[in-house]
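Trainee: Provided below are the primary sequence and the corresponding predicted coordinates.
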Amino acid sequence: MNSDDPKFTAHVLGELDDLTPAERAEIEALLASDPAAAADAEEMRTLGARLRTELQSEEGQPLREEQRAAVLKSATEPASATEKIVRFPRRAAVLSAIAACLVVGVSVALLFPAMRAEKEAVRKSLATNAPNAIHDAAIEDLSGLN
């Protein structure tokens, strides 16, 4: 157990009476063996006492009659099924993004084979026409020398 444990805090503030004897012994052993935990416990006790003192002087305003009625109504009335539904605020944006990804994916799937076939056709064309083109270019170069 450590000083961040809610049971530790509740025990230090005297707010949790349902700890087992083993849990109480564990917390007391921690307080006895760990100076940092003991310092945390003392700080929590001091803060708790200060808050109780400061907050006792605060005056809370009572609920207005319509507020009281609204609270009682919501406490006694079962919530309807439509009130429990939490809408995803960006549903349209997410669906649009999914649609865009599908369009890009389908386009690539359809265009990639066509582009590959066109590239192969150009290679074959160059391979068959290249010897003639080189021969013609060489003849033009030689005729330019005369």
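Mentor: Nice, thanks for sending it over.

Trainee: where along the protein do the helices fall?
Mentor: Residue ranges of the helices in the chain, as given by DSSP state H, are 6-12, 21-33, 35-56, 65-76, 91-145.

Trainee: Can you name the residues that contact Ala36?
Mentor: Ser3 (CB atoms under 8 Å, 6 or more residues apart in numbering). C-beta: built from backbone N, CA, C; applies to glycine.

Trainee: For it, report the pLDDT, please.
Mentor: pLDDT, the model's per-residue confidence, is 90 for Ala36.

Trainee: what's the answer for Asn132, then?
Mentor: For Asn132, the model assigns a pLDDT of 62.

Trainee: got it, and Ala138?
Mentor: Reading off the confidence values, Ala138 has pLDDT 61.

Trainee: One more: Ala39?
Mentor: Per-residue pLDDT puts Ala39 at 92.

Trainee: What is the burial count for it?
Mentor: Using other CB atoms under 10 Å, Ala39 has 12 other residues around it.

Trainee: quick one: contacts for it?
Mentor: When the contact criterion is CB under 8 Å, 6+ apart, Ala39 has no partners at all.

Trainee: same question, Leu47
Mentor: Leu47 is in contact with no residue at all, counting by CB under 8 Å, 6+ apart.

Trainee: From Asp5, how far out is it?
Mentor: Taken as CB to CB, to the nearest Å, the spacing of Leu47 relative to Asp5 amounts to 17 Å.

Trainee: Also Ala32?
Mentor: 16 Å.

Trainee: What of Ala114?
Mentor: Distance, Ala114 to Asp5, by CB to CB: 65 Å.

Trainee: Compare these two (neighbour count), which wins?
Mentor: Between Ala114 and Asp5, counting by other CB under 10 Å, Asp5 is the more crowded of the two (14 against 9).

Trainee: pLDDT at that one, what is it?
Mentor: With respect to pLDDT, Asp5 has a value of 83.

Trainee: Also Glu66?
Mentor: 91.

Trainee: That one and Glu77: what is the separation?
Mentor: Relative to Glu77, and taking CB to CB, Glu66 is found at 16 Å.

Trainee: repeat for Ala99
Mentor: 41 Å.
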